[in-house]
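K.L.:
Need coordinates for the following:
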Amino acid sequence: MKEEKGLGQMWSLYKLGGFTPAIASVLGSQNAQQMAFIRAANRAQRKQSLLDIPLRELETVVFDLETTGFNPAGGDEIISFGAVLLKGMELQEAETFYSLVNPKRKIPHTITELTGITNEMAEGAPELMQVLHDFISFVGRRLLIAHASAHDKQFLNQALWRTSKISLNHRVLDTMMIAKWLEPALQDYSLDYLLEQNGIAVKERHHALQDSVMTAKLWLIYMNRIAERNVTTLGDLYAYLSKH
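P.N.:
A predicted model of the protein is given here:
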């Protein structure tokens, strides 16, 4: 209720004096600056088209989120962000992003067992606005990649709307969809199965950064297979995926 009251006050002030004074008065200077940055970065993304860039030249960010459950509308929250940069066919393992997030709620025991993230760890973590700001800064205007991305996009959009009243403008490419196109007869498209099938060593599953690195390695293998089909640009790839 307190958060809803604050947002209502912010939009009332916005009508009177503009966006920046409104958020600064309600959220405080630091949060206002973080929100303004997130909104500006999201607007800039609308103006950029990556569709004609060759896949082998494209800079991408592979990311993963860990959450308290599977239902953001029902109160589940993000508890960690992980991401790694790729420049074309080169994995930049020194250029990574990782942060825990304070979810402002208890983490279920099953999630702690799965991720290793405890309530004590989360209580000392930065708040969502700060981590979103830092994550968007790391991503820049690059293409995002995730495995089974619907889950991550749902939570990311909910977080962006709640903190900044925006929806994600970045394109998100899903390695699960690519796997289904490249190998339509597989019995399983989980990350675990695809990693095993492609000979990628599994390290710390359900750790947001390690899952991002392993997904990035899977994407690099898929890029070679995509090239064998004479699909060279992101636009070409989307066209093929839309048919399958």
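
K.L.:
excluding its backbone neighbours, what's nearest Ala148?
P.N.:
Met176 (4.9 Å; CB to CB, 6 or more residues apart in numbering). Just so you know, the C-beta spots here come from the backbone N, C-alpha and C atoms, and that holds for glycine as well.

K.L.:
name the element that neighbour belongs to?
P.N.:
Assigned by DSSP states H and E, Met176 belongs to helix 175-182.

K.L.:
Return the list of helices and strands in contact with the helix or strand that that helix is followed by.
P.N.:
Later in the chain than helix 175-182, the nearest helix or strand by DSSP H and E is helix 191-197. Counting contacts by 3 or more CB pairs under 8 Å, 6 or more residues apart in numbering; DSSP states H and E, helix 191-197 is packed against helix 208-228.

K.L.:
how close does Ala185 get to Lys217?
P.N.:
With distances taken as CB to CB, to the nearest Å, Ala185 is found 23 Å from Lys217.

K.L.:
neighbour count winner among these two?
P.N.:
Neighbour count, other CB atoms under 10 Å: between Ala185 and Lys217, Lys217 has more, with 20 against 5.

K.L.:
how deep is the residue nearest to Ala148 tucked in, by neighbour count?
P.N.:
Around Met176 there are 18 residues (other CB under 10 Å).

K.L.:
buried stuff in stretch 105-122?
P.N.:
Residues of stretch 105-122 classed as buried by neighbour count (16 or more other CB atoms under 10 Å): 107, 111-112, 115, 117, 121-122.

K.L.:
The helix or strand harbouring Val131: what's the following helix or strand?
P.N.:
In this assignment (DSSP H and E), Val131 forms part of helix 128-139. For helix 128-139, the following helix or strand on the C-terminal side (DSSP H and E) is strand 143-146.

K.L.:
Can you give the strand pairings for that following strand, parallel or anti for each?
P.N.:
Strand pairing for strand 143-146, determined by DSSP bridges: strand 59-67 (parallel), strand 172-174 (parallel).

K.L.:
in the last one, what's buried?
P.N.:
By neighbour count with 16+ other CB under 10 Å, strand 172-174 contains the buried residues 173-174.

K.L.:
Could you tell me the angle between the helix holding Val131 and strand 59-67?
P.N.:
Taking axes from the mean of the first three to the mean of the last three CA atoms, to 10 degrees, one finds that helix 128-139 is oriented at 160 degrees with respect to strand 59-67.

K.L.:
Glu196 - nearest residue in space that isn't next to it in sequence?
P.N.:
Here the residue nearest Glu196, using CB to CB, 6+ apart, is Val202, at 7.5 Å.

K.L.:
Neighbours of that neighbour, how many?
P.N.:
12.

K.L.:
got a list of what it touches?
P.N.:
When contacts are counted by CB atoms under 8 Å, 6 or more residues apart in numbering, Val202 is found next to 192, 195-196, 214.

K.L.:
Among the residues you listed, which one sits closest to Ala40?
P.N.:
Nearest to Ala40 among these is Met214, at 32.3 Å by CB to CB.

K.L.:
residues in contact with the closest one?
P.N.:
By CB under 8 Å, 6+ apart, Met214 lies in contact with 191, 195, 200, 202-203.

K.L.:
of the residues you listed, buried ones?
P.N.:
Among the contacts of Met214, the ones that count as buried by 16+ other CB under 10 Å are 191, 195, 200.
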